[in-house]
Structures are given as structure tokens and as C-alpha cells.
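Q: all I have is the shape, not the residue letters:
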């Protein structure tokens with residue numbers, strides 16, 4: 001974090017040398033780093049109104065300095081190239097442009113973070129499946145970073161789509177006050193076939209026992225390496241968080257082997273991993289989250305290094321598809337840049 005502050009400060013010193021170098025390059029980076037690090041730690045255990053303000057300020061700044069740092073690197077490289085090409089008046093032109101781009105990126109990122117998640121319709125054909133609609137909730141990260149009002153508004157929009165079932169893909173509640181009220185809001189969403197879900201990695205981070213209790217209060221039938229058969233015959237297979245719970249390909253193979261391949265199946269997995277096992281067992285549809293589609297540019301490129309499937313609908317086998325959602329809200333930083341949040345509505349039909 002300190003390095004990013006120093007790099008950004010160095011760019012401002014380059015643009016405005018009259019400032020001197022100590023303020024932008026040394027003093028402000030140090031103060032901002034200390035302030036941000038302290039508030040990030042403090043707001044994990046304090047949940048009052050002032051603490052919420054500190055949370056939004058610190059996490060917003062953390063995200064913005066990452067974006068600014070990335071832009072400064074790009075403009076520095078561009079400056080180097082233009083100087084090699086002996087382009088005149090580089091600083092006079094490139095400096096103001098860089099500031100305008102940073103300002104625009106900040107506005108877009110903040111706007112994206114506070115925008116309501118869009119309703120995303122996905123149409124899938126599963127051989128022999130009953131016609132049904134499922135709403136998907138993933139990566140809501142409720143608590144101090146997402147108010148109850150936003151959560152309830154999103155659930156109202158979800159309920160308006162009249163889904164037959166709700167699938168929860170994990171990373172639901174983080175930490176903060178009013179956990180029971182958040183859970184009750186989801187429990188109040190009624191569907192003909194019910195609500196089914198799996199744990200994400202953050203459910204383990206914040207305490208597995210508390211997370212399991214939250215799922216129970218929220219009316220979620222938790223599937224931990226288990227399969228539920230819906231009243232319409234659809235098999236919903238839920239796997240524990242693959243990395244955090246150390247689920248191996250062999251363990252997933254065992255789970256899938258005990259399902260009926262002649263009946264429709266959907267696999268819920270927080271992380272879009274072990275897709276080869278899903279394809280080998282001809283799972284028609286796998287639903288995952290976790291990646292947030294990168295959440296803020298250019299972090300999506302870093303996510304791509306760890307996950308081959310970052311966002312969208314993929315064919316992972318001749319008879320298997322994977323949909324990776326960008327998530328309902330955000331993690332930590334209340335920002336979204338070129339990776340809008342969403343509530344997927346999956347429309348399923350058979351082919352007969």
C-alpha cells in the first residue's frame with residue numbers, strides 16, 4: 001500500500017514540481033497508509049455509525065489507490081515511449097489527461113459500487129429437466145459494508161422475478177450488526193421449490209459455526225458435499241468451498257458418482273474449480289461465483305491468472321456448461337469498475 005501511495009505521489013510531483021517532493025512522495029503517502037491500515041483493522045471489530053463511515057472511506061480509498069497506481073504505471077510507460085519518440089510538450093499534454101482519466105475512473109468505480117445489481121437472465125437447456133427458473137445469490141458480503149436497506153431492495157427485485165427456487169453460492173454475510181435481520185430478510189423470500197446453498201471461503205474465515213447458523217436462520221438448505229432432490233425432480237448438488245475445505249477432484253468425483261445421471265442435475269460450487277470433474281460426469285450446469293468478475297479494473301487480469309473462468313457462461317465439456325456470476329454486491333471496497341454486480345435469473349428447460 002505504501003509503495004502505491006509513493007508511486008502516485010511521485011507522479012503528482014512530476015506534474016507539479018512546485019509542490020516539492022517531500023509532501024506528495026513522503027509525508028502524504030506515509031500518513032494515508034497508516035490511516036488506511038488502521039481503519040481497515042478497526043472497522044472489523046467496531047460497527048457503529050461512525051465506524052461505518054470510516055469503513056467506506058478506508059475501503060473506497062484502498063480501491064481507488066489501486067486503480068490510480070495502475071493508471072500511473074500505464075501513463076509512465078506511455079511517457080517513456082513518447083520521450084523516446086521525441087514527442088514535444090509531453091508533460092503539458094499527458095499530465096492533464098492522466099488527471100482527467102483518474103477522476104473519471106474514480107467516478108465510474110464509485111458509481112458502479114453503489115449501483116443496484118442488474119438482473120441478468122441466462123437461458124439453459126438441460127436434457128429431461130422440468131421447466132423452472134432459479135435466482136442466484138452469490139458474494140453479497142453483507143454486514144457493515146452493505147446495509148440492510150440495500151439487501152432488502154435487492155431481494156425485493158429478486159422476488160419480483162418470481163423464481164421457482166433460489167440458489168445461494170456463498171460469501172453471504174461478513175461481519176457487523178443485525179445479522180439476524182439480514183437472515184430473516186432472505187428467509188422471507190418464498191419460492192415453490194425452496195432455497196438451497198453452499199458455503200464460500202468467507203464463511204470459513206468469519207467462523208464456520210456462526211455461518212452455518214446464519215444459513216439456518218435464512219432458510220437456506222445447506223448442502224455440504226450433499227445432494228438435494230427438488231420436488232420437481234431436479235438434483236441440486238452442493239460442494240464445500242473447494243480451496244478452503246480442501247475438496248479434491250477425487251472427493252467431488254465420489255459425490256457426483258452417487259447422483260442419478262439419468263435425472264437432471266445442477267452443481268453448486270462457490271469457486272469455479274474442478275470443472276473437469278463436472279464435465280467428466282456430464283453435469284449439465286455448474287453455478288459458481290467468488291471471482292466478482294475482478295470487481296475493479298485491472299484486478300480482473302490478476303484474477304484470470306488464478307481462475308481460467310472469471311465471468312459468464314462457458315462450455316466446459318460436450319454436455320456441460322458453467323456460469324460464473326460477478327456477485328450481488330462487492331467485497332471490502334464498495335467499488336465496481338467495468339465489472340457490474342448482478343442477480344442472475346437462470347431459466348431452465350428440457351429439450352424434449
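A: Noted; the coordinates are in hand. On a predicted model such as this, the values are computed, not experimentally measured, just so you know.

Q: can we go C-alpha only for contacts and neighbour counts from here?
A: OK.

Q: in terms of secondary structure, what does the helix-or-strand element of the chain with minimal mean pLDDT contact?
A: Lowest by mean pLDDT, DSSP states H and E among the helices and strands of the chain is helix 22, with a mean of 85. The helices and strands touching helix 22, judged by 3 or more CA pairs under 8 Å, 6 or more residues apart in numbering; DSSP states H and E, number zero.

Q: and the gap between residue 242 and residue 199?
A: As for residue 242, its distance to residue 199 is 10 Å (criterion: CA to CA, to the nearest Å).

Q: next one: residue 52
A: According to CA to CA, residue 52 stands 26 Å off from residue 199.

Q: for residue 49, same thing?
A: Per CA to CA, residue 49 is found 29 Å from residue 199.

Q: what of residue 249?
A: 18 Å.

Q: and if you look at residue 236?
A: 14 Å.

Q: neighbour count winner among these two?
A: residue 199 (30 against 21; other CA atoms under 10 Å).

Q: for the nearest residue to that one once chain neighbours are set aside, grab the count of nearby residues.
A: Nearest residue to residue 199, sequence neighbours excluded (CA to CA, 6 or more residues apart in numbering): residue 170, at 4.5 Å. Burial of residue 170, expressed as a neighbour count using other CA under 10 Å, amounts to 30.

Q: which residues of this structure score low on pLDDT?
A: Regions of the chain meeting the criterion pLDDT under 70 cover residues 352.

Q: can you give the domain ranges for it?
A: According to automatic domain parsing, the chain comprises the domains 2-114, 118-349.

Q: picking up where we left off before, next SSE after the least confident helix or strand of the chain?
A: helix 28-42 (DSSP states H and E).

Q: and that following helix, how far from the chain's centre?
A: Its chain's C-alpha centre and that of helix 28-42 lie 24 Å apart, by CA atoms, centre = their mean, to the nearest Å.

Q: elements contacting that helix?
A: Packing partners of helix 28-42 (3+ CA pairs under 8 Å, 6+ apart): helix 2-15, helix 49-84.

Q: just name the most buried of these.
A: Counting by mean count of other CA atoms under 10 Å, helix 2-15 has the highest mean neighbour count of those, with a mean of 19.

Q: next SSE after that one?
A: Per DSSP H and E, the first helix or strand lying C-terminal to helix 2-15 is helix 22.

Q: quick revisit: what's the most buried one of the domains of the chain?
A: Buried most deeply of the domains of the chain, by mean count of other CA under 10 Å, is domain 118-349, with a mean of 20.

Q: can you tell me the distance between the two ends of stretch 214-224?
A: Terminal residues of stretch 214-224 lie 15 Å apart, using CA to CA.

Q: the helices in this protein, which residues?
A: Assigned by DSSP state H, the helices in the chain fall at 2-15, 22, 28-42, 49-84, 90-114, 148-160, 179-187, 201-205, 208-217, 249-257, 275-280, 299-306.

Q: turn those helices into JSON lines, columns for distance to residue 290.
A: Converted to JSON lines, the helices of the chain look like this (distance: least, CA to CA, whole Å):
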{"stretch": "helix 2-15", "distance to residue 290": "26"}
{"stretch": "helix 22", "distance to residue 290": "41"}
{"stretch": "helix 28-42", "distance to residue 290": "21"}
{"stretch": "helix 49-84", "distance to residue 290": "18"}
{"stretch": "helix 90-114", "distance to residue 290": "17"}
{"stretch": "helix 148-160", "distance to residue 290": "18"}
{"stretch": "helix 179-187", "distance to residue 290": "20"}
{"stretch": "helix 201-205", "distance to residue 290": "8"}
{"stretch": "helix 208-217", "distance to residue 290": "17"}
{"stretch": "helix 249-257", "distance to residue 290": "18"}
{"stretch": "helix 275-280", "distance to residue 290": "14"}
{"stretch": "helix 299-306", "distance to residue 290": "10"}
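
Q: any idea how far the spatially most central residue of the chain lies from residue 299?
A: A centroid search over the chain (CA atoms, centre = their mean) returns residue 292, at 2.7 Å, as the residue closest to the centre. Plainly put, residue 292 is 10 Å away from residue 299 if you go by CA to CA.

Q: go on, residue 149?
A: To residue 299, residue 149 is 28 Å away according to CA to CA.

Q: residue 91 now?
A: Taking CA to CA, one finds residue 91 at 28 Å from residue 299.

Q: swap in residue 291?
A: 10 Å.

Q: show me what contacts the closest residue to residue 63 other than its chain neighbours?
A: Using CA to CA, 6+ apart and skipping the chain neighbours, the partner closest in space to residue 63 is residue 333 (5.8 Å). Contact partners of residue 333, counting by CA atoms under 8 Å, 6 or more residues apart in numbering, are 56, 59, 60, 62, 63.

Q: does the fourth one touch residue 34 like I think?
A: No: Residue 62 lies out of contact with residue 34 (CA atoms under 8 Å); the separation is 11.8 Å.

Q: what's the nearest residue to residue 118 if we skip its chain neighbours?
A: Nearest to residue 118 is residue 342, by CA to CA, 6+ apart, at 4.6 Å.

Q: quick check: the one you found touching residue 117?
A: Yes: here residue 342 reaches residue 117: they are 4.3 Å apart, a contact under CA under 8 Å.

Q: so what's in contact with those two at the same time?
A: Taking CA under 8 Å, 6+ apart as the criterion, residue 342 and residue 117 both touch 328, 329.

Q: my read: residue 215 touches residue 223, true?
A: No: Residue 215 is beyond contact range of residue 223, at 10.4 Å (criterion: CA under 8 Å).
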